[in-house]
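*Asks:* Any chance you can model this:
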Amino acid sequence: MTAGDDDRTVFDPDRTVFDPAGASAGEGARVASPPPGGTAIKVGDVLNHMFAVTGFLARGGMGEVFVGANVITDERVAIKVMLPALAADPNVITLFRREAQTLTRLHHEAVVQYRVLAQEPELGVLYIVTEYIDGTSLSDVLAALQPSPEDLGGLLRRLASGLAAAHALGAIHRDVSPDNVLLPNGLLARAKLIDFGIAKDLDPGTATVIGDGFAGKLGYVSPEQLGDFGRVLGPWTDVYSLGLVILAVARGSDLGLGGSLVDAVDKRRAGVDLAAVPAPLRAVVARMVRPDPVDRFQSMAAVLAALDAAEVPDPSAARRLPRWWPLAAAAAMILLVLGGWFALRPTPTVQRTTPVATASDPVARARDAINAALPSVSCTWLRIVSVSPGSGGVRVALTGVAGDPAQAQTEIFRTLQTQGLSASVIDFAEVSPITQSGCAALDAFRQIRTTGRNRLSVPQRRFEMRTQDAKSAYAGKLAANAIVGIAIGDPSLDFALVGLEPSGAIDMLIPSRAAFRAQVQASREGLPITDLGGDRYRLQIDLDHQGWSGLLLVTGKGPFDATLIAPPLGRRDAAWRTTLVERAAERGWQADMIWFRSVDDARD
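*Replies:* Numbers count the residues shown, from 1 in each chain. Sure, this is the predicted structure:
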């Protein structure tokens, strides 16, 4: 145990790396007996008639971890159980419940997925079930990785995005280190953060068994965790530790910043050598690891913005296909009607300007906080329309879809509160309710939501239905003419377009850039696509029905299997979501989605 163990939680709740070669539950998994003095759980138990305990993994300061299986779905899981000696302490119970309440709402591809908090009535124990991660610890392979600049930039983007989602829910990790990053199948592109067991509510009035003191490993903790700079912790604390992790990966070795508590403080005050970090990533990491928190990036959103501004390589954008796609092909003459869902044709250019706010004002802080939180708001796809100052706090308007709009509004209110902000209005007037049957698709695609420049856009979300002229696919009929912008920015990236409905129906519309090009070249009539240059396009979508419609853009390396991208209802289970996320990591897939509606004012 390292210095400071007596005032921190020493626990790896999700690190289930006991036998990477072997061991699915019930198929040769190592079944070890927990040492004496542990919990009441033992191998062979079935918790709440649902989770079979198949093996012992580890013990830490707060509990034990077992490997198990969901007896209904046969999914392999990790089970975290509190030690009886702590279970009688109400402060510990509060921390345990808060951890579960926070982390079961956190859905991000770079963070271990917490499934459920439950209590076993017969054994009288509280436990948390998480996904099982079969992978290698980053700390175990530092010397062997030899990452490219693209790999290193992609790792920073991925982990920063995952931590941003956690911060938006009010939790900081406080122990970001190579030990707490797992690499499924040894791939940096699929890195996952684990061990949020020491997550701490950002509310300064919240007391926990950890308090405001040190929690984490000396080698990667921030100076404020060691007592410097007033011991004030926040998202900037994880920013510092993540910067050290990226430096360790770049060097291919541990940084040697541990030792005694005094040594660790002195080493941080002296600064670290960043020569191993490739440019332009070096400037970003340098701002992350400044000793004084005031001089650092204050949030993961700021880190991601700096990566974009510095044009740091991203492996998801660096995957290349043959450059057979000429930009001019988008201007070919065609009339394209896809499955009766919509028709495309040219429209006048629509200019849209987005105001840029500075990171120091409440409006910018609110925008950053909400954007970081949106990937974790379950059964939604939301985007910000506007954030403006109001008399009682910021006014926020959003658009998109939500399975439970009231719950989504509540989560956004809480997100702002954790950042010390208040909201006078959270406007959901342009948010459509979606049936629960559509939630699985939203929750899956949100895990691969784009962090880059691959975007869909609309100049407005409400399009009036009018009688169409002779050139329309709906000549003489009522239809709305919706304008959609596509910005990809890299002609070598493949893409697919998918239509969505609030009912949960999904239809593959354009399966690939090659299919898009072929239809453009085959037609001699109409001009449905306007090439705006820079791999940006404008389309008009003609809709012959009232109500909300969605469009999903998936970019990356093809092919895009329709059974994976647009599965029918009834085939969107946990296995499908896992496969989608894994394929996305392998092929650099990123997704963006827009929702808009057609209205008939004469009937409304």
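
*Asks:* Quickly list the domain ranges of this structure.
*Replies:* 18-131, 136-316, 327-353+436-599, 362-431 (automatic domain parsing).

*Asks:* can you redo the ones you listed as JSON lines with mean pLDDT?
*Replies:* Supplementary listing: the domains of the chain in JSON lines, determined by pLDDT from 0 to 100:
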{"stretch": "domain 18-131", "mean pLDDT": "73"}
{"stretch": "domain 136-316", "mean pLDDT": "82"}
{"stretch": "domain 327-353+436-599", "mean pLDDT": "76"}
{"stretch": "domain 362-431", "mean pLDDT": "85"}
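
*Asks:* Turn those into TSV, including mean neighbour count.
*Replies:* Every C-beta, even on glycine, is put in place using the N, C-alpha and C of the backbone. Formatted as TSV, the domains of the chain follow (neighbours: other C-beta atoms under 10 Å):
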stretch	mean neighbour count
domain 18-131	18
domain 136-316	20
domain 327-353+436-599	18
domain 362-431	19
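
*Asks:* Okay, now the sheet partners of the host helix or strand of I79, with direction.
*Replies:* Using DSSP states H and E, I79 sits within strand 76-82. Strand pairing for strand 76-82, using DSSP bridges, gives strand 63-70 (antiparallel), strand 125-131 (antiparallel).

*Asks:* Could you point out the helix or strand that follows the last one?
*Replies:* Think strand 125-131. Following strand 125-131 in sequence, per DSSP H and E, is strand 135-137.

*Asks:* Identify the neighbouring strands of that following strand in the sheet and state each direction.
*Replies:* Counting by DSSP bridges, strand 135-137 is paired with strand 181-184 (antiparallel).

*Asks:* For the partner strand, which outside residues touch it?
*Replies:* Residues from elsewhere that reach strand 181-184 (C-beta atoms under 8 Å, 6 or more residues apart in numbering): 14-15, 17, 112, 133-139, 141, 159, 190-194, 245, 582.

*Asks:* the strands in the stretch 301-450 of the chain, which residues?
*Replies:* 336-338, 342-344, 380-390, 393-402, 423-433 (DSSP state E, counting those that start in this stretch).

*Asks:* so L103 touches G170, yeah?
*Replies:* No: counting by C-beta atoms under 8 Å, L103 does not reach G170; the two are 11.0 Å apart.

*Asks:* In the chain, which helix is the longest?
*Replies:* helix 149-168 (DSSP state H).

*Asks:* On the C-terminal side of it, identify the next helix or strand.
*Replies:* Immediately after helix 149-168, counting by DSSP H and E, sits strand 171-172.

*Asks:* I'd guessed I510 sits against A496; true?
*Replies:* Yes: counting by C-beta under 8 Å, I510 touches A496, with 6.2 Å between them.

*Asks:* Nearest residue to the middle of this protein?
*Replies:* By C-alpha atoms, centre = their mean, the mean C-alpha position of the chain lies nearest to H108, the distance being 3.5 Å.

*Asks:* now V431, which residues is it bridged with?
*Replies:* With DSSP bridges as the rule, V431 is bridged to G400.

*Asks:* actually T467, not the one I wrote
*Replies:* Here T467, judged by DSSP bridges, has bridge partners L478.

*Asks:* In this structure it contacts G476, no?
*Replies:* Yes: the pair T467 and G476 passes the contact test of C-beta under 8 Å, sitting 6.7 Å apart.

*Asks:* tell me the contacts of R383?
*Replies:* L374, L398, T399, G400, I594.

*Asks:* which residue ranges form the strands in the stretch 501-604 of the chain?
*Replies:* So, for the stretch 501-604 of the chain - with DSSP E, counting those that start in this stretch - the strands run 506-510, 529-531, 536-543, 547-556, 590-599.

*Asks:* ignore the last one, the stretch 151-300 of the chain
*Replies:* For the stretch 151-300 of the chain, the strands defined by DSSP E, counting those that start in this stretch occupy 171-172, 181-184, 192-193, 200-201.

*Asks:* Need the ones you listed in JSON lines (columns: distance to R296).
*Replies:* JSON lines is the format used below for the strands of the stretch 151-300 of the chain (distance: least, C-beta to C-beta, whole Å):
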{"stretch": "strand 171-172", "distance to R296": "14"}
{"stretch": "strand 181-184", "distance to R296": "20"}
{"stretch": "strand 192-193", "distance to R296": "19"}
{"stretch": "strand 200-201", "distance to R296": "18"}
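
*Asks:* out of those, which comes closest to L456?
*Replies:* strand 192-193 (27.8 Å; C-beta to C-beta).

*Asks:* got the contact list for the closest one?
*Replies:* So strand 192-193 is contacted by 109-112, 133, 135, 159, 162-163, 173, 176, 180-184 (C-beta under 8 Å, 6+ apart).

*Asks:* From the chain's centroid, how far away is that strand?
*Replies:* Between the centre of strand 192-193 and the centre of its chain there are 11 Å (C-alpha atoms, centre = their mean, to the nearest Å).
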